[in-house]
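**Student:** just need the structure, nothing else, for what follows:
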Amino acid sequence: MYKMTDDEFESAVQDAIDSIPDEFLDELENVAIVVADEPEEEDFECAGLYSEGGDLLGLYDGTSLAERDSGYGFGDYPDTIMIFKGPHERLQGGRDEIIEEVRRTVVHEIAHYFGMDEDQVDEMGYA
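**Tutor:** As a prediction, the model looks like this:
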């Protein structure tokens, strides 16, 4: 298992964000992208996973762009995309494979922000 430093992992997340075309990044509004070491129990519940049999690489928590109405934004907390370091490190492979999976995870969670469900994200090749 390859272990990354916190700075190295955060850099991989930032590089993944930077690789997203500007026309998509420009549409991100009221969303924070954060790094956490491990998901909490409530993260599994939020993701619709009721057992910890598998690892959770990332999580989008919020109101997708497709679901927002004219009242959204006044007093609303920012949506959150969380990218989890520990589960990425437990994947098979080395540094390059982790970095690629971080990129895929960031794209996957941003797709949820835009309102795509798991099937649509899967069709794009990012499940």
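
**Student:** quick one, strands of this protein?
**Tutor:** According to DSSP state E, the chain carries its strands in the segments 31-36, 58-61, 79-84.

**Student:** ok, and the helix or strand in this protein with the lowest average confidence?
**Tutor:** Here the helix or strand of the chain ranked lowest by mean pLDDT, DSSP states H and E is helix 41-46, holding a mean of 70.

**Student:** give me the low-pLDDT residue ranges for this protein?
**Tutor:** Within the chain, the ranges that satisfy pLDDT under 70 run 43-54, 73-76, 127.

**Student:** ranges for the helices of it?
**Tutor:** 6-18, 22-25, 41-46, 85-89, 95-113, 118-123 (DSSP state H).

**Student:** closest one to residue 60 among those helices?
**Tutor:** Minimum separation from residue 60 across the helices of the chain (C-beta to C-beta) falls at helix 95-113, 3.8 Å. (C-beta placed from N, C-alpha, C; glycine too.)

**Student:** in that closest one, what's buried?
**Tutor:** Under the neighbour-count criterion of 16 or more other C-beta atoms under 10 Å, helix 95-113 has 98-99, 101-113 buried.

**Student:** repeat for stretch 57-74
**Tutor:** So stretch 57-74, judged by 16+ other C-beta under 10 Å, has buried residues 57-63, 65, 68.

**Student:** out of the strands of the chain, which gets nearest to residue 17?
**Tutor:** Judging the strands of the chain by C-beta to C-beta, what sits closest to residue 17 is strand 31-36, at 6.3 Å.
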